[in-house]
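Trainee: The following block contains a protein sequence and its predicted model.
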Amino acid sequence: MSNLRRIGFLAAFLLAIVALGALLWLSWGVWTPAGRDRKIMVLIPNGSSTKKIAHLLAKSGVIRSPSGFILLALWQHKSESLKPGAYELSPAMTPSKILKKIVAGDVSAKWVTFPEGFTTSQIAERLHAEGLANMDRFYSLARTRGSAFTTSFPHPGDDLEGYLFPDTYLISIGSSEESIIQEMLDNFGKRIADLMPEIAASGMNLHEIVILASLIEREARISKDRPLISAVLRNRLSKGMHLECDATILYALGRHKSRLFYRDLGIDSPYNTYRYPGLPPGPIANPGLASIKAALHPANVDYLYYVAKRDGSHIFSRTLEEHNRAKQIARGGTGR
């Protein structure tokens, strides 16, 4: 046998060994189940990459090889289609079947985020859109039958607007509207527990703090403005001035508008803070912790007015004359 033939034979032999090894690895890590049949719940957070999901699956024991799962997802062009949520999986499932279930979003529970400042109506709409609750029933329970729920804080009564804590929740498919509301109330109680002594010493009760925080949440667009807006609202309250808070008008109107007109300011609603003095009768949204803290800790300033600029920040003023100039500047003028 010539040297050339020997080299060729050796190369073919090595290639066959590599191919056999690849087949064995694919069979072990990609095609066959990882173990016996048992139910395992795997939570995939929002924004998880294919790599992170593969390692979560391997750590939970439903697949053998993270690399094999990643390869499978790439090969099937599904790496961009994996959906977050809680999945009931089993080591007896093939990696391909697990991939198919995650791509389909066949979850036992979904992650749902309710941003700070969402109203109860917006929360109900999001739950309905995610297929997790009946929108009308959720809204009705939260706005008119709140007394049926338990709280670890002073109970607000039948209307729970303001107390459904904004956060990301993992909600099981088939959960009742009651259980979702109770979980959001429980979360509110946990988040404010450490603040209760400060609230008790603040001169305002919890409900007043939550109302004030809801106004701050809907008015502030950047974090640093929260304590300043809080100060303006508190200063106006202490002087007996109307709050004249645009967000309360929008709440009274029940719809979003990019611009309010003078005729909007005349709406006859107890939430109209241009027409009625003091705080509105209830929160106008569900505030986050930052706004609740801002309501408790206003900035030490004597501002009485603010106006929003196009970038979302605000100009604060002490007098009406300064405020009128600020409004011109906010609209793009020079303020002269």
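Mentor: Looks like it came in fine. Numbering: from 1, shown residues only.

Trainee: where along this protein do the helices fall?
Mentor: Using DSSP state H, the helices found in the chain span residues 3-26, 50-60, 66-75, 95-104, 120-129, 135-144, 177-192, 196-200, 206-219, 226-238, 246-253, 289-296, 320-330.

Trainee: Quick check: Ser90 touching Ala34?
Mentor: No. The criterion here is C-beta atoms under 8 Å, and Ser90 misses it with Ala34 at 9.1 Å. Backbone N, C-alpha and C define where each C-beta goes, glycine included.

Trainee: and among the helices of the chain, the most buried is which?
Mentor: For those, the largest average neighbour count (mean count of other C-beta atoms under 10 Å) is found in helix 206-219, namely a mean of 25.

Trainee: relative to helix 246-253, how tilted is that one?
Mentor: 100 degrees (axes from the mean of the first three to the mean of the last three C-alpha atoms, to 10 degrees).

Trainee: Start at 59, not 1
Mentor: Yep, numbering from 59; the last one is helix 264-277 now.

Trainee: Give me the angle between helix 264-277 and helix 347-354.
Mentor: 120 degrees.

Trainee: do you know how far Thr171 is from Pro142?
Mentor: 11 Å (C-beta to C-beta, to the nearest Å).

Trainee: ok, the closest residue to Ser106 other than its chain neighbours to Ser166 distance?
Mentor: For Ser106, ignoring the flanking residues on the chain, the nearest one in space by C-beta to C-beta, 6 or more residues apart in numbering is Pro142 at 6.1 Å. Here Pro142 is placed at a distance of 12 Å from Ser166 (C-beta to C-beta).

Trainee: where in the stretch 59-208 of the chain is pLDDT low?
Mentor: Filtered on pLDDT under 70, the stretch 59-208 of the chain yields the residue ranges 59-60, 62, 77-87.

Trainee: do the stretch 259-394 of the chain as well
Mentor: For the stretch 259-394 of the chain, applying pLDDT under 70 flags the ranges 391-394.

Trainee: Need the residues that contact stretch 347-354.
Mentor: 174-175, 249-250, 253, 256-257, 260, 262, 267-268, 270-272, 274-275, 278, 281, 284-285, 287-288, 345 (C-beta atoms under 8 Å, 6 or more residues apart in numbering).

Trainee: For the residue lying closest to Ala116 once chain neighbours are set aside, list the residues it contacts.
Mentor: Spatial nearest neighbour of Ala116, chain neighbours left out: Pro124 (4.7 Å); criterion: C-beta to C-beta, 6+ apart. Neighbour list for Pro124: 109, 112-113, 115-116 [criterion: C-beta under 8 Å, 6+ apart].

Trainee: that older thread, looking at Thr171 and Pro142, which is more packed in?
Mentor: More neighbours surround Pro142 than the other of Thr171 and Pro142, with 18 against 11 (other C-beta atoms under 10 Å).

Trainee: from what I can see that one touches Pro103, true?
Mentor: Yes. The pair Pro142 and Pro103 passes the contact test of C-beta under 8 Å, sitting 5.9 Å apart.
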